[in-house]
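> model this:
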Amino acid sequence: MIKNPFGNIGNIMKQAQAMQEQLAKIQEQAASKTVDGTAGGGMVTVSVSGAMQVVALKIDPEVLKSGDAEMLQDLIVAAVGEASRKVDEALQEQLGGLTGGMKIPGLGI
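Residues are numbered from 1 along each chain as shown. Predicted coordinates:
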């Protein structure tokens, strides 16, 4: 009798379904949380949800006094970048337990 090299396909399907359910829960929880990214020593603060949506932007009025629009744009981009990295890190941390530390192409984890 030839042994199935893939194991019990039923068990594999159950494990895949359980992982999918856990992933859905993690995504739902992440979407309800926000993280902040700052730039310019706190002159610009951006809040981003776990679903990668910008939900708030705070600009220190002192930044506006300079009249330097390019600097303000750079600060906003930097703050959004920092907040996005924080969301990615939080998701990687949560998903690390789900995937056992395995890298999944296309998901950044």
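
> where does this structure dip in pLDDT?
Confidence mapping of the chain against pLDDT under 70 gives the ranges 1-7, 97-109.

> Tell me which other helices or strands the lengthiest helix in the chain touches.
Determined from DSSP state H, the single longest helix within the chain is helix 69-99. With contacts taken as 3 or more C-beta pairs under 8 Å, 6 or more residues apart in numbering; DSSP states H and E, helix 69-99 sits against helix 9-31, strand 34-39, strand 44-49, strand 54-59, helix 61-65. For glycine as for every other residue, the C-beta is placed from the backbone atoms N, C-alpha and C.

> Give me the buried positions along it.
Neighbour-count burial for helix 69-99 flags 72, 75-76, 78-80, 82-84, 86-87, 90-91, 94-95, 98 (criterion: 16 or more other C-beta atoms under 10 Å).

> Tell me the one of those residues nearest residue 20?
Closest approach to residue 20 among the buried residues of helix 69-99 (C-beta to C-beta): residue 98, at 10.0 Å.
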